[in-house]
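Asks: What follows is a protein structure lacking sequence information:
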């Protein structure tokens, strides 16, 4: 398996993998909306490739914590083709994304999802670190992974950018 930054030529395959993984058009549309926004970090949009086929994708982009408009990173979405799930593809993508976020000097990474899955990567409830979820998200599903540059003064309520409208 090879993990690399996405290329323009990968966009249709990414849309297909994300759509199949979630069984929806919402998440593929989210990827495109984030790509078109100022929140997109090209080097943190990664694909997993096996034998030349894209089988997974992770997108890490910027979100804000209010009231101080602190910009932090968040995973959304992480997707693996259904035929390749439970084979380590998602884990490999997450580990690589976290390593790259660390190398960028990011203080933390947020994710909204299943605590049983994301806990294996060191994510914990974000409210334990003073980061509150948006009103429509249950606190147990918004998680944080602190990195070396973490500063406990980074606190606030997560505010999704316009690209996330209708998804969270």
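Replies: On my side now, so go ahead. Just so it is clear, the structure is predicted and the values come from calculations on it, not from any experiment.

Asks: mind showing which ranges of this structure have poor pLDDT?
Replies: The chain contains residues with pLDDT under 70 at 166-168.

Asks: Select the longest strand from it.
Replies: Determined from DSSP state E, the single longest strand within the chain is strand 53-66.

Asks: Name the strands paired with the very next helix or strand once past that one and say parallel or antiparallel.
Replies: Going down the chain from strand 53-66, the next helix or strand is strand 70-80, by DSSP states H and E. Paired with strand 70-80 in the same sheet, following DSSP bridges, are strand 53-66 (antiparallel), strand 108-112 (parallel).

Asks: got the buried residues for strand 70-80?
Replies: Under the neighbour-count criterion of 16 or more other Cβ atoms under 10 Å, strand 70-80 has 70, 72-80 buried. C-beta: built from backbone N, CA, C; applies to glycine.

Asks: Which two of those have the greatest separation?
Replies: Farthest pair in these (Cβ to Cβ) is 70 and 80. Separation: 30.6 Å.

Asks: Any figure for the gap between the residue nearest in space to the middle of the chain and residue 20?
Replies: Nearest residue to the geometric centre of the chain (Cα atoms, centre = their mean): residue 75, 1.1 Å. Distance, residue 75 to residue 20, using Cβ to Cβ, to the nearest Å: 19 Å.

Asks: now residue 62
Replies: For residue 62, the distance to residue 20 - Cβ to Cβ - is 26 Å.

Asks: Between the two, which is the more surrounded one?
Replies: Neighbours were counted for residue 62 and for residue 20 using other Cβ atoms under 10 Å; residue 62 has more, 18 against 15.
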